[in-house]
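Trainee: Fold the following, please.
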Amino acid sequence: MASLTSNSKPLLPWKTRLSLLLATAVTDALRGPDGTLNRRVMNFLDRKTSPNPKPIKGVKTSDVTVDPNRNLWFRLFTPTTTNSSSLPVIVFFHGGGFTYLSAASFSYDAVCRNFARKFSAFVISVNYRLIPEHRYPAQYDDGFDVLKFLDQNDDALPNNADLSKCFLAGDSAGANLAHNVAVRVCQSRLQNVRVIGQISIQPFFGGEERTKSEIRLSDAPLVSVERTDWIWKVFLPEGSNRDHEAVNVSGPNAVDISGMDYPDTIVFVGGFDPLQDWQRRYYEWLKKSGKEAELMEYPDSIHAFYVFPELPEASKLISQVKDFIHKCLYKLQ
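Mentor: Okay, the predicted model is just below:
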């Protein structure tokens with residue numbers, strides 16, 4: 001269990017420390033200062049899982065193609081331990097700095113399987129295009145196009161999947177993607193999909209400013225300033241800076257959502273996450289924009305803490321997300 005110390009260092013189990021050390025070393029080694037990435041080696045090291053029509057721990061999986069020309073597909077997680085005639089749908093976007101991992105990655109297959117089982121919901125894990133091969137707005141296009149696909153193809157999901165009870169969810173870069181897709185949904189006219197809630201787990205936002213948490217936690221694994229600067233450089237259009245609306249979503253170029261039917265949102269923040277100041281600003285911006293938002297603070301937690309099942313905070317997050325989903329569903333009654 002992580003704990004706050006006088007040295008401002010999290011105390012983590014050896015298994016978690018080793019995983020973070022390896023992930024940080026590998027990603028640092030594979031990305032070049034010129035904005036390139038050794039994708040072949042990255043794919044070799046990324047442990048993948050295949051879809052399984054046989055239930056494992058009460059959940060079966062299948063892959064659905066949206067657009068083969070850009071390898072856009074999603075993994076559908078179907079809970080098999082409930083016979084409800086109406087289950088919510090969670091559209092999930094994985095993290096990895098828009099650069100790493102996929103819907104088939106072992107860690108995110110496990111996360112989404114857990115979500116489907118614990119929340120009694122269909123989970124759709126989107127396999128969107130990655131940088132540096134595909135810059136902004138490819139990821140947002142892919143995310144929104146999956147929503148449009150679901151809206152226009154009523155046979156894409158089982159009959160008891162209720163798209164009027166839809167949630168967007170994501171962690172880190174996936175939470176950034178979820179926010180920007182939510183804005184697009186508000187600006188569009190989907191017929192069957194109704195997004196009623198957003199689950200924003202340690203969203204990956206930034207800006208030109210160096211915040212206090214970025215400076216204080218400059219050597220943090222996964223999301224140090226040096227690493228996030230590289231990501232934004234190869235993500236954004238040429239000539240853009242980090243105050244772009246896609247990065248600094250609550251900053252000077254923010255999209256005005258005050259008049260939009262933006263979904264209720266729960267935001268998770270970790271005390272050892274360098275991005276925490278940006279995440280709190282996002283929450284405050286949602287509130288100032290007149291939107292329903294909740295902030296969940298995990299003072300002793302690192303970035304991406306919830307993907308490590310050995311950390312007790314991971315199960316606490318599941319419980320809080322479950323309560324949030326129930327609250328959103330209750331408001332529909």
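
Trainee: would you list every one of the strands in the stretch 51-200 of the chain?
Mentor: Ranges of strands in the stretch 51-200 of the chain, per DSSP state E, counting those that start in this stretch, are 59-67, 72-79, 87-93, 122-127, 161-171, 195-201.

Trainee: what angle separates the shortest one from strand 161-171?
Mentor: Note on geometry: by axes from the mean of the first three to the mean of the last three Cα atoms, to 10 degrees, strand 122-127 and strand 161-171 are set 50 degrees apart in direction.

Trainee: Likewise for the first one?
Mentor: Note on geometry: by the same axes, to 10 degrees, strand 59-67 and strand 161-171 are set 90 degrees apart in direction.

Trainee: Alpha carbons of strand 59-67, as PDB, please.
Mentor: Extracted in PDB, the C-alpha atoms of strand 59-67 (Å, rounded to 0.1, in the frame of the first residue of the first chain):
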ATOM      1  CA  VAL A  59     -17.300 -12.500 -18.900                       C
ATOM      2  CA  LYS A  60     -17.000 -13.500 -22.500                       C
ATOM      3  CA  THR A  61     -15.300 -11.400 -25.200                       C
ATOM      4  CA  SER A  62     -15.500 -10.900 -29.000                       C
ATOM      5  CA  ASP A  63     -13.900  -8.400 -31.400                       C
ATOM      6  CA  VAL A  64     -16.000  -6.200 -33.700                       C
ATOM      7  CA  THR A  65     -14.500  -4.500 -36.800                       C
ATOM      8  CA  VAL A  66     -15.700  -0.900 -37.400                       C
ATOM      9  CA  ASP A  67     -13.300   0.100 -40.300                       C
END
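
Trainee: by contact count, what packs against that strand?
Mentor: strand 72-79, helix 106-119, helix 138-152 (3 or more Cβ pairs under 8 Å, 6 or more residues apart in numbering; DSSP states H and E). Using the backbone N, CA and C atoms, a C-beta is placed for each residue, glycine as well.

Trainee: list the buried ones in the second one?
Mentor: Taking 16 or more other Cβ atoms under 10 Å as the basis for neighbour counts, the residues of helix 106-119 that come out buried are 107-109, 111-119.

Trainee: before we move on, what about the longest one?
Mentor: Using 16+ other Cβ under 10 Å as the burial criterion, the residues of helix 138-152 that qualify are 138-147, 149-151.

Trainee: Show me which of those residues is closest to Asp63.
Mentor: Closest to Asp63 out of those is Val146 (12.7 Å), distances taken as Cβ to Cβ.

Trainee: Name all residues that make contact with the residue sitting nearest the centre point of the chain.
Mentor: Centroid-nearest residue in the chain: Gly170, 2.0 Å away (criterion: Cα atoms, centre = their mean). By Cβ atoms under 8 Å, 6 or more residues apart in numbering, the residues touching Gly170 are 92-95, 176-178, 199-201, 203.

Trainee: Ok, Glu133 next?
Mentor: Arg39.

Trainee: repeat that for 10 Å
Mentor: Residues near Glu133 by Cβ atoms under 10 Å, 6 or more residues apart in numbering: 36-37, 39, 99, 234.

Trainee: thinking again about what came up before, so for Ser19, which of the helices and strands packed on strand 59-67 sits nearest?
Mentor: helix 106-119 (9.4 Å).
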